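Asks: Show me the folded form of this:
(one chain, ligands or ions: 1)
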Amino acid sequence: MRFETAAIHSGQPPDPATGSVIVPIYATSNFVRSHIDQSDGYEYSRVSNPTRTAGETCLATLEKARYAPLFSSGMAAETSGLLRPGDHLICTRDGYGGTVSLMNQIAPQRGIQVSYVDALDPQRVADAVRPNTRMLWLESPTNPLTYILKTTALVEVARTYNLLTVFDNTFATPYLQNPLEWGIDIMVHSVTKYLGGHSDLTGGALVYRRDDLHEPLWDQQAIAGGILSPFESWLLLRGMKTLAIRMRAHCENAMAVARFLEAHPKVVRVLYPGLPSHPHHERAKHLMRAFGGMIAVYLQTDRASVNRFATRMCYFRLASSLGGVESLVGYPATMSHGSLTPAMRAELGISDNLVRLSVGIEHIDDLLADLDGALAQL
Ligand code: PLP
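Replies: Numbering: from 1, shown residues only. So this is what the prediction gives:
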């Protein structure tokens, strides 16, 4: 089954009870049993629910994985603990701000030590390994600067030191890259973003092949209980059906927006993996099937004018999140990376003139006119 077909059919046969073509929303907390000694499949919706199972099966197929437990948010998925007190984790320095908060605030409470490393250089990762290092946490393209990590070399480092690799694939989605094929152990998704695709649900997933990881991770979902609801599982199923055509449109629009901005005199620098000027363009061509919908833009202006730029557009709305059909502009310094210290932001290149665009699938002429009008006011 090809990607587009799997997105519509995997895990979604007609409903056995009614013939419904669409998987129903099983809005039930529990299921009857026919015998005290055995269940007939489903028992209790925290443990499993048919609508959620359909979403998990479909996502696992799209990611060429075996398992894809769905959680109530990307952060709920990320919080699933495989590590024990005393373990050490190496985390890429360039990542989503919420992940950094998790590492700074929750991990220490659990006795887990964290080192941030510039994972663009795999040697630095190797140098950071300690005797108690158990996990390497990666994200690529990175949020917000769209850097592309040398994943093959990083997986090699992880193998050498027997580290479990975790990879946040939210920006790219399975349509653009399948990190499990590079040897990554566990993938994280905020399905709130492109997988859901319509900014109408909050959810997360862990995606993996390894049977030995399934029991501990299943415990995190079914026992810890941060599950995706039947309704949101259904929204996710509906969103995933059009992932391929949406991603094609996001990529096409983003390339046109990136080219337009790169040529604009009010723009200092554009980071988009599809541009030949991006420092990792060749690597992106090798690893990704196309370059995604996210763009980082350094404007030639001060913070007050950036605010004018970000609040005056008709279609690019100033809002958190990304990956929906509508275009958004984000201000990483106070939004996605607002929880970082000013020193950390400065080190990462998250400056006061940086905006992040999530390019939607509106008509490209409207998007370019919107940006052009806002830039003219700077
Ligand atoms: N990973 C990335 C790359 C994100 O951008 C986000 C949210 O913005 C998350 C994880 C967290 O996901 P959620 O907001 O669904 O908890």
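
Asks: C-alpha from now on. contacts and neighbour counts both.
Replies: Fine.

Asks: distance of residue 348 from residue 281?
Replies: As judged by Cα to Cα, to the nearest Å, residue 348 and residue 281 stand 19 Å apart.

Asks: Between these two, which has more neighbouring residues?
Replies: Remark: of residue 348 and residue 281, residue 281 carries more neighbours, 19 against 15, as counted by other Cα atoms under 10 Å.

Asks: okay but that one is in contact with residue 288, surely?
Replies: No. Contact criterion Cα atoms under 8 Å: residue 281 and residue 288 do not qualify, at 10.1 Å.

Asks: who in this protein is up against the ligand?
Replies: 73, 74, 75, 96, 170, 190, 192, 202, 203, 204, 321 (Cα under 6 Å from any ligand atom).

Asks: Can you tell me which of those end up in helices?
Replies: Counting by DSSP state H, the residues of the chain next to the ligand place 74, 75 in helices.

Asks: In TSV, list the residues of the chain next to the ligand along with pLDDT.
Replies: Supplementary listing: the residues of the chain next to the ligand in TSV, determined by pLDDT from 0 to 100:
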residue	pLDDT
73	98
74	98
75	97
96	90
170	97
190	98
192	98
202	98
203	98
204	98
321	95
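
Asks: Show the contacting residues for residue 300.
Replies: Residues near residue 300 by Cα atoms under 8 Å, 6 or more residues apart in numbering: 266, 267, 268, 353.

Asks: Kindly report the same for residue 234.
Replies: Contacts of residue 234 (Cα under 8 Å, 6+ apart): 23, 24, 25, 51, 52, 55.

Asks: For those, pick the one with the most neighbours.
Replies: residue 55 (29 neighbours).

Asks: On the three-state scheme, the residue lying closest to it once chain neighbours are set aside is what?
Replies: Excluding the flanking residues, the one nearest residue 55 by Cα to Cα, 6 or more residues apart in numbering is residue 237, at 5.5 Å. Counting by DSSP: H, G, I helix; E, B strand; the rest coil, the backbone at residue 237 sits in helix.

Asks: which ones are touching the residue of the chain found nearest the ligand?
Replies: The ligand sits closest to residue 74 of the chain, with a gap of 3.4 Å, by Cα to the nearest ligand atom. Residues in contact with residue 74 (Cα under 8 Å, 6+ apart) are 188, 189, 190, 191, 192, 202, 203, 204, 205.

Asks: Make a ChimeraX selection of whichever of these turn out to be buried.
Replies: In ChimeraX, a selection of the buried entries from the contacts of residue 74 looks like this (16 or more other Cα atoms under 10 Å):
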select :188,189,190,191,192,202,203,204,205
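
Asks: State the pair within the contacts of residue 74 that is farthest apart.
Replies: 188 and 202 (14.0 Å; Cα to Cα).

Asks: Kindly reformat the contacts of residue 234 as a markdown table containing pLDDT and secondary structure.
Replies: Listed next are these as a markdown table, based on pLDDT from 0 to 100; DSSP: H, G, I helix; E, B strand; the rest coil:
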| residue | pLDDT | secondary structure |
| --- | --- | --- |
| 23 | 98 | coil |
| 24 | 98 | coil |
| 25 | 98 | coil |
| 51 | 98 | helix |
| 52 | 98 | helix |
| 55 | 98 | helix |
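
Asks: Go ahead and name everything in contact with stretch 26-37.
Replies: Counting by Cα under 8 Å, 6+ apart, 39, 40, 42, 43, 44, 45, 46, 49, 50, 51, 230, 231 sit against stretch 26-37.

Asks: Would you reformat the residues you listed as a markdown table and include secondary structure?
Replies: Output for the contacts of stretch 26-37, formatted as a markdown table (three-state DSSP):
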| residue | secondary structure |
| --- | --- |
| 39 | coil |
| 40 | coil |
| 42 | coil |
| 43 | coil |
| 44 | strand |
| 45 | coil |
| 46 | coil |
| 49 | coil |
| 50 | helix |
| 51 | helix |
| 230 | helix |
| 231 | helix |
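
Asks: Just the buried residues of those.
Replies: Counted by 16+ other Cα under 10 Å, the contacts of stretch 26-37 give 43, 45, 46, 49, 50, 51, 230, 231 as buried.

Asks: Just give me the longest helix of the chain.
Replies: helix 243-262.

Asks: next one: that helix to chain centre, how far?
Replies: 18 Å (Cα atoms, centre = their mean, to the nearest Å).

Asks: Also stretch 219-230?
Replies: 19 Å.

Asks: go on, stretch 42-58?
Replies: On Cα atoms, centre = their mean, the centre of stretch 42-58 falls 22 Å from that of its chain.

Asks: ok, and what's touching it?
Replies: In contact with stretch 42-58 (Cα under 8 Å, 6+ apart) are residues 6-7, 9-12, 23-26, 28-33, 67-70, 221-223, 225, 227-231, 233-234, 236-237.

Asks: tell me how far the ends of it are from each other?
Replies: Using Cα to Cα, the end-to-end distance of stretch 42-58 comes to 18 Å.

Asks: same question, stretch 160-174
Replies: End-to-end distance of stretch 160-174: 27 Å, with Cα to Cα as the criterion.
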